[in-house]
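J.: next one to model:
(4 chains, ligands or ions: 4)
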Amino acid sequence: MSEETVPLARSPIATDPTVVVAGWEVCARVSTAPLTLSDETPLAKVLVRAPFGGAARDALGVSFGRTARVGLGTAGEVLLVGSAPGEWLALGAPGTAAAIRAALEERLAGTGEFVSVLDLTHGRALVRLHGAAAPVVLAGVCGIDLADHVTPDGTALRTSVAAVVTDLVRDDDGGVRSYLLHCERSSGQYLVDALRDAGSPSGLEVTGFRGLVPSSA
Amino acid sequence: MMLLPCPWCGPRHAGEFRFHGAAGTRPDPATTTPEQWRRYLYVHDNPRGWQTESWYHSAGCRRFLTVERNTLTHEVRSARDTQLDAAPNAAEDAR
Amino acid sequence: MSTSHGTARTNGNGHARTRSGLRGYSAWSLLRHGLSRSGWPRAWREHELRDRYDAVIIGGGVHGLATAYYLARDHGMRHIAVLERAYVGSGGSGRNTAILRSNYLTPEGVRFYDRSIQLYEHLAADLNFNVMFSQRGHLTLAHNDASLRTMRWRTEVNKLQGVDSEVIGPDRIGELVPYLDTSAETRYPILGALYHPPGGIVRHDAVVWGYARGADAHGVHIHQQTEVTGIDVEHGRVRGLRTNRGRIATPVVLNATAGWSSLVSHQAGVEMPVQTFPLQAAVTEPVRPFLDTVVVSGTLHVYVSQTDRGELVFGASVDPFASYSIRGSLEFTEGIAGHVLELMPALHRMRLLRQWAGLCDMTPDYSPIMGPTPVEGFYVDVGWGTYGFKAGPVSGEAMAACIADGKPPEIISAFGLDRFADGRLVGEKGAAAVGH
Amino acid sequence: MSILPTSRRARSATGAGGAGGPAPMRLAPREGEVIDRKRSVEFRWNGTPYTGHPGDTIVSALAAAGERVFSRSYKYHRPRGVLTASYLDPGAMVQVGDEPNVRAAHRLVAAGMDVRSQNTWPSLRYDVKAVNGLVERFLATGFYYKTFIKPEPLWPLYEKVLRTFVHAGEIPPDSAPGCYDQRYAHPDVVVAGGGPAGMAAAVAAARAGATVMLVEEEHQLGGHLRFGGPAERARLRELAAAVAAQPGIEVLTDAVVEARYDDNWIPIVARSLPGIDERLIKARAGTLVVAPGLVERPYVFAGNDLPGVMLSTAARRLINLYAVRPGHRAVVLTANPEGDAAVADLESAGVEVAAVVDARRGETVTAAHGRHGVRAVELGDGRRVEADLLVTAVGWTAPTSLLNQSGDQPVYDPRAARFRPDPARMPDDVLAAGGIAGDGDLDQLVAHADAVGREAARRAGAAGGAGAGSAVAVPSLAVDEHPELFSAGTGGFVDLSEDVSAKDITTAVAEGYDSVELAKRYTTATMGPTQGKLETVNTVAILAAATGRSIAETGTTTWRPMYAPITLGALAGRPHQPVRYSPMQPWHERHGAVPLVAGQWIRPEHYGDPAAEVTAVRTGVGIIDVTPIGKLDLQGPDVAKLLELLYVNKWQKLGIGRVRYGVMCAEDGVVLDDGVTGRLGEQHYLMSTTSSGAATVWEWVENWLQTAHPDWRVHVTPVTTAYASINIAGPRSRDLLARLTTDVDLSAEAFGYMNVRTGTVAGIADCVLWRIGFTGELSYEIHVPASYGLHVWQRLLDAGADLGVRPFGVEAQRVLRLEKGHAIVGQDTDGLTQAFSAGVDELIKLDKPDFLGKPELVWQHQRGTHPRLVGLQPLDGSIVPPEASQILDRAGGIAGRVTSSRMSPTLGRAIGLAQLDPELAVVGTHVTVRLPDGSDVTAEVTERVHVDPQGERQRV
Ligand SMILES: Cc1cc2nc3c(=O)[nH]c(=O)nc-3n(C[C@H](O)[C@H](O)[C@H](O)COP(=O)(O)OP(=O)(O)OC[C@H]3O[C@@H](n4cnc5c(N)ncnc54)[C@H](O)[C@@H]3O)c2cc1C
Ligand SMILES: NC(=O)c1ccc[n+]([C@@H]2O[C@H](COP(=O)([O-])OP(=O)(O)OC[C@H]3O[C@@H](n4cnc5c(N)ncnc54)[C@H](O)[C@@H]3O)[C@@H](O)[C@H]2O)c1
Ligand SMILES: Cc1cc2nc3c(=O)[nH]c(=O)nc-3n(C[C@H](O)[C@H](O)[C@H](O)COP(=O)(O)O)c2cc1C
Ligand SMILES: [Zn+2]
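T.: Ligands and ions are numbered 1, 2, ... in the order given. Below you'll find the model as predicted:
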């Protein structure tokens, strides 16, 4: 048994070899393949619940089904996802969950609405499927129409992916198709296995943690 | 399987939802008789045609929906968020 | 029991012998007709629709026809009509996967279904029509300890009612069905099974036709293409009914319409705790016989048997939402295929030929509703859900007695409509809820 | 008789079977042929090597080598040859390696194929069971129902014999696994059928901006144009070029539109793909265009199943696609231009056309004679013509299957002599094009299909397709006059797959099975692999004649999926069966945990010695991974109201830092779930549920909140796997936890039983610690942010090494809780167990104004007749009655059952829980337990708690 002195955070997705980034054990592999899958679980994940379409929504500036990059002061920039009616998911740099939570609570305090903010960083798995062929891979596991005119960049939706309920967020990167997939932590390994299986004919490779793409990129 | 037009998520495969059946009215537990209560428990309309029923979008928005559906043709006439119907000022951005 | 037919006799265990009234398929007639290839009599005749019957049975499925048969044969009732909106056996009776068994959970259930199996065992001889009851044994697989516990529970209750059931382990299972993957490494390992040797499959259409033929021989009028559109009730009593072919006056009406039964009861003003759900089935192209046992997995929601023609017949659980549609779904065939291959991986090259669906009248406790209703003269034999074909003979026998005597016989006393208002459910769902 | 067309001859001419030598029936190269003569392919047929060319089907290669019998028939084992030379061919089902029922007239030959005829013994040519033919009259319709009835005990033996007659291929038990794929698609338009109509419709739809899938069952696009004359081939090149040039069309050949389900949910199976056996495409299409053409209808007459009797389309396929001469000397029965064209093709192939029988002039064929194949044909005028080939072209059947699945009911049109779709009954999202919609010359068909394609795009609302534009005027297609030619009235087979004769149909009618549905079921006509595509109309026509009804009145049977039989492998695709793991799973695997499948979760059942694990907990300390326990985060001012509604007990007064056990019932009073809920803050609670009940409870709570109490302010978030949950149990658990916790005072005074704290464990902040116990020992359930679960687990084991800490699994926990008499919902209760039968009487607060299921519990209590959950100990403590053993009353009836039962390592004796009738449910009563082997054992009813009844061990 290992004598761990510094507590390491681990994603549910097994990787080998690993390196440590911001207290997280992450995949050390770097792939230059045109189609990649990366484990983004270390990102901070904060959930906001508030009434569907009132002051909280206005304060957050994101409505259901859409995403936006929002600056949260010292907490930095987050990707804010309108993940369900009355539900938002804020994704930020590893280690910033507490700050994001505080910033969001502060921002929403003025609304007078019934609001709750919950850190779900450790409760969810998050991966990014990146590359022009990403829709082909997803078409093997998910019944959503990924055509541009149906689900353009910046779309957020929840559906069943390989029989796991998953938030699917289209978050293109420099004009290249890119999707974030977010599900319950315990299903993370299974989801990745299903994606790799579906992606192998398209040459899908695993790459290391990428982190959030900032809005300026 | 048919498509259900979720008022939030748009048309989705019915497999994403869970069927909760025709909605019944709960008798007042303080005054109910066994007959009334068991009607509430066990007896539901079973029409061959239009029915108003409850569905839960468990793999999507996780909202309970009130759906008017034809049990023979599977045509859907309307699908609304149950809570918004019950509390109309809860939100305005239900599509 | 009143017996006006001089030929009607019943042997010691209540099993009825062939009646001389039934035109026989004897060796002689077979030879004669085989050689000439002509001149078989009609299995049942066509009649004018009379404006009055002593009893009218709605529904030409196994339940309605069997009730008519026993009513005419054993109780000497004269003027009986069976009304069927389409053709005989067009409902669940013509589209079920034909599995017969008696390994239920409650003592009431086990006794009841066991009587039916006994009747089935002699039905061919009784009706002089080979219904091809193939008692090949029935296996219910358990993939987790909860379902294994339920299998034990059923086994113990079965044995106490004298019904042959036992729990067997993976090795025995592998011997009975070599195609099953009984290794421990599967996603749903097979931990054991409830083995029920008397269970099996039957040629379902033959049961329907045999009863129709038998009922006809005892004077019952079978009217196909005759739909009941209304039931006349006066002062809480049945007076007659309306059909697409005219009115009929009658003091006794039996609702034996399964999936449609709440609509029919509604016509008489009787409310029932019944919801209609489609149940689907499918059949593959034939292959050489390799499966000698009925295989069921509750966890994987699938059952499989192989007919004497070589096809595999598949079934599952009811559709996930209420419906009167029998169009069928892709999800059903996908699910069936996935689950069958989970159990028997070698079958991946078998081809699914056809799928279909039937309507099931589901009750809250997965037990039937049988007997009188608040409307005098209006009886029901419904709530057959996904399991009622096997109950055809015993239901016919019991409902005939119920109608003749005006009160339910002991064997169905637990299944009355009033049990719901009284909160006396018959927990066959108890097994379902525990065993998935 | 001058011509003896047997394979014997052909093969003896080449000496060594089909291999190497010249193929006796292969024609000189022909324009339009689809074989690649430059290469050849070797395969085996019943063990003998044969040669074909790439592009050949198994049948065309064998036919080229002179073979003409490919199978034996279903009941009578009659020899069968080519009928349609397409996928549908009922006589061409063969075994290829592991694969049964391969369509040999569609499957392309591949090098090394091992092709065998099915269920023939000892050989295809001399099949012993062909003796059935002698007793044919006894195997006729209804035979089985009338025989083998008595004596009853013999039926199982008869049945065994009957089963040996099954005519089909076989599945070896070790059949090699296949590779199947699935994908979803969202085309604007799916076109079923790649003939001229389908191609034209696809191009028009794509031009209008639609994304199109063009699906063709054959190996190439073109439909009937492929085996037509030069004009057809020219047209085919033109259309194929248009398809190729048009962006937006995905062409799938050797692919089948299998069905149409609600809302245009369309499965398409695609074969001949690189690297995989088959792919199932699940398309949600905007519009479906059904363009399957027409299927040529066989003619019914005596001997119509002999090898050498074939459809005109079959002869033309053999000649024009595969350059195979279908025979030497032919009689052609023709009623249409296609039949006339077949005459020309036969002549061009060097077949001597001995007679052309023109049905349009009232001429007819009455019989074909021969044993293993046609030798002579009898004509209506009494002439007998020697021939080895009889080609028939009597008309068409519309394969309306996909349309009927869309809601259409086919209508019989006597002028066209076929059932035709009724456009009025078709839904908006389905259109028909080509031969199925009507007749007309190629230009008219293409013009019609073009309009259909544009309209399909419009209805799909395709991007550039002017979805809002006005409807495209679709020209109506004329219907030519076709003679109503079905049967010569001389007998013969109606259904070749099922060996159903015309006589069988009339017999069925005479016996009263006179509706189309009953006749189908009694005779099995249309129930074979072709599913009526060849035989329905003939069946209906003969039925109509026998009943005196019209064909229209008689109607057809129901067309159902699949259009063409589909492998289970393709339907199953890649299995998607989610599994869930806790963060400690890698540790469990490394340490030899025996896996337990619990729903989606894989959990450690034990680590080798469950009894020792129990003892470790009772004497020292153990830790168990309980991550799958359901957890719901509840926030808001109205949480207490919610809990008050959900649980049978009271919650308004739960203080911050306290936890409480609760039981939930459904509205029928049946126990739904149980667990503890703790109050973390003023408006913040954490609820736990059983692992298997987590999803149900969440949905249950949402339902009540959203539909009944939308005014309550509560947010519910599932956090089951946000935390790794570890139960630390045993007298040394406090010592162990203390070593890793700095900011929580663990003393009994500061942190008492049924309390909750948040704090840091092993350096990890924000852990939730509740002091509760399922095991009856002093114990702490800690919930650690899941990413650190493995870290904390390892630290606990490291830090407690000297305390003897050891991991325990689910089995030890089951025993521990049983020793404490804790019920498990779903094991000690069942689907009808109301709360007063669950051993939680003290918990149920009937004085609460309301809670879910309350009225039923009031009545249950009043009646008092319900079973009770009791403890049970066999007098002989060494006997452990298996769970589910029945408990008998004095009369031998069932009075209850053992719900839980184990050997207690702590007490060294058997202990259990049981559901028991109230009369017997009195502590100290002796009851009889029936064991599975039939013997009885006496047991004493006890309190439920077997170990430490005062609960002293957990309150330290
Ligand atoms: C796919 C499937 C598989 C099944 N598998 C099994 C199995 O393996 N074993 C088993 O025991 N059970 C099985 N069942 C259940 C079984 O088929 C039914 O419970 C049983 O057939 C019911 O018989 P019945 O005579 O009561 O009703 P049905 O056979 O449904 O007959 C009712 C008849 O009433 C007619 N009718 C309806 N309304 C009217 C009206 N207004 N006027 C006149 N006539 C009317 C209908 O046309 C129908 O023919 C299965 C069911 C299905 C659908
Ligand atoms: N069918 C013939 O053999 C034939 C011969 C000569 C003339 N004609 C005439 O030509 C016209 C037919 O042209 P058309 O384009 O309508 O038909 P077509 O017969 O030329 O083409 C239809 C194509 O659809 C394919 N198909 C059918 N069902 C399918 C499914 N479910 N999935 C995938 N593919 C499927 C068939 O394999 C066929 O290649 C008619 O008027 C007919 O009389 C037909
Ligand atoms: C036990 C059983 C076996 C069947 N076997 C076949 C079969 O081999 N071939 C076939 O085409 N249909 C078979 N069917 C299905 C029937 O053709 C038909 O689809 C079913 O009875 C429902 O009727 P419907 O399709 O007319 O609605 C079978 C049905 C049952 C119940
Ligand atoms: Zn939704």
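J.: which stretches in chain A count as strands?
T.: Here chain A has its strands, by DSSP state E, at A:9-10, A:18-21, A:24-27, A:36-39, A:44-49, A:67-71, A:77-84, A:87-92, A:116-119, A:124-130, A:156-161, A:164-170, A:178-184, A:205-207.
J.: what sits against C:Arg52?
T.: C:His79, C:Ile248, C:Ala249, C:Thr250 (CB atoms under 8 Å, 6 or more residues apart in numbering or on different chains). Quick note: C-beta positions are derived from backbone N, CA and C, even for glycine.
J.: circling back: would you turn the strands of chain A into TSV with mean pLDDT?
T.: Formatted as TSV, the strands of chain A follow (pLDDT from 0 to 100):
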stretch	mean pLDDT
strand A:9-10	96
strand A:18-21	93
strand A:24-27	94
strand A:36-39	98
strand A:44-49	98
strand A:67-71	96
strand A:77-84	97
strand A:87-92	98
strand A:116-119	97
strand A:124-130	98
strand A:156-161	98
strand A:164-170	98
strand A:178-184	98
strand A:205-207	97
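J.: chain C: which of these is closest?
T.: Chain C lies closest to strand A:156-161 among those, at 12.0 Å (CB to the nearest CB).
J.: close to chain D, is that closest one?
T.: No: against chain D, strand A:156-161 shows no contacts by CB under 8 Å from any CB of the partner chain, the least distance being 9.1 Å.
J.: using PDB, write down the CA coordinates of that strand.
T.: Output of strand A:156-161 as PDB, limited to C-alpha atoms (Å, rounded to 0.1, in the frame of the first residue of the first chain):
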ATOM      1  CA  ALA A 156     -26.000  22.400 -24.800                       C
ATOM      2  CA  LEU A 157     -28.300  19.500 -24.500                       C
ATOM      3  CA  ARG A 158     -28.900  16.500 -22.400                       C
ATOM      4  CA  THR A 159     -29.500  13.100 -23.900                       C
ATOM      5  CA  SER A 160     -28.600   9.500 -23.700                       C
ATOM      6  CA  VAL A 161     -25.100   8.600 -24.900                       C
END
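J.: can you give me the domain boundaries for the chain?
T.: I'll assume chain A. A:28-42+A:124-207, A:44-122 (automatic domain parsing).
J.: not quite, go with chain C.
T.: C:1-36, C:55-98+C:204-271+C:370-432, C:129-203+C:275-362.
J.: is stretch C:193-207 positioned near chain D?
T.: Yes: against chain D, stretch C:193-207 shows contacts by CB under 8 Å from any CB at C:Arg203, C:Asp205, C:Ala206.
J.: does the first one really touch C:Ala124, like I thought?
T.: No: here C:Arg203 lies out of contact with C:Ala124, judged by CB atoms under 8 Å, at a distance of 9.8 Å.
J.: which residue of these two possesses the greater neighbour count?
T.: C:Ala124 (25 against 22; other CB atoms under 10 Å in any protein chain shown).
J.: quick one on the thing from earlier: name the nearest of the contacts of C:Arg52 relative to chain B.
T.: C:Ile248 (22.8 Å).
J.: buried set for the host helix or strand of that closest one?
T.: Element membership for C:Ile248 (DSSP states H and E) is strand C:246-249. By neighbour count on 16 or more other CB atoms under 10 Å in any protein chain shown, the buried set for strand C:246-249 is C:Arg247, C:Ile248.
J.: so whichever helix or strand comes after it, near chain B or not?
T.: Going down the chain from strand C:246-249, the next helix or strand is strand C:253-255, by DSSP H and E. No: against chain B, strand C:253-255 shows no contacts by CB under 8 Å from any CB, the least distance being 13.5 Å.
J.: partners of strand C:253-255 in the sheet?
T.: strand C:55-58 (parallel), strand C:378-382 (parallel) (DSSP bridges).
J.: which residues touch the residue nearest to the spatial centre of chain C?
T.: When chain C is reduced to its mean C-alpha position, the closest residue under CA atoms, centre = their mean turns out to be C:Phe389, at 0.9 Å. Contacts of C:Phe389 were listed using CB under 8 Å, 6+ apart, and they are C:Val62, C:Gly92, C:Ser93, C:Asn96, C:Ala98, C:Ile99, C:Leu100, C:Val202, C:His204, C:Val207.
J.: check what pLDDT it gets.
T.: pLDDT for C:Phe389: 97.
J.: quick one, phi/psi of it?
T.: Main-chain torsions, C:Phe389, degrees, to the nearest 10: phi -60, psi -40.
J.: a markdown table for the contacts of C:Arg52, including pLDDT and distance to D:Lys282?
T.: Shown next, in a markdown table, are the contacts of C:Arg52 (pLDDT from 0 to 100; distance: CB to CB, whole Å):
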| residue | pLDDT | distance to D:Lys282 |
| --- | --- | --- |
| C:His79 | 97 | 55 |
| C:Ile248 | 98 | 49 |
| C:Ala249 | 98 | 54 |
| C:Thr250 | 98 | 51 |
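J.: hmm, back to that, need the residues touching each of C:Arg203 and C:Ala124.
T.: Common neighbours of C:Arg203 and C:Ala124 (CB under 8 Å, 6+ apart) are C:Asn130, C:Val131, C:Met132.
J.: and which of those residues is nearest D:Tyr581?
T.: C:Met132 (49.0 Å; CB to CB).
J.: what's the distance between the closest one and C:Tyr387?
T.: In this view, C:Met132 and C:Tyr387 are 20 Å apart by CB to CB, to the nearest Å.
J.: which one's more surrounded, the two?
T.: Applying other CB under 10 Å to C:Met132 and C:Tyr387 shows that C:Met132 carries more neighbours, namely 24 against 19.
J.: residue in chain B nearest to ligand 2?
T.: Using CB to the nearest ligand atom, the closest approach of chain B to ligand 2 is made by B:Met1 at 20.4 Å.
J.: OK, contacts around that residue?
T.: B:His13, B:Ala14, B:Gly15, C:Ser329, C:Leu330, C:Glu331, D:Tyr261, D:Asp262, D:Trp265.
J.: now, among these, which is nearest to D:Thr536?
T.: For those, the nearest to D:Thr536 is D:Tyr261 (21.9 Å; CB to CB).
J.: coming back round to it: next one: the strand holding C:Ile248 to chain centre, how far?
T.: Distance, stretch centre to chain centre, for strand C:246-249: 29 Å (CA atoms, centre = their mean, to the nearest Å).
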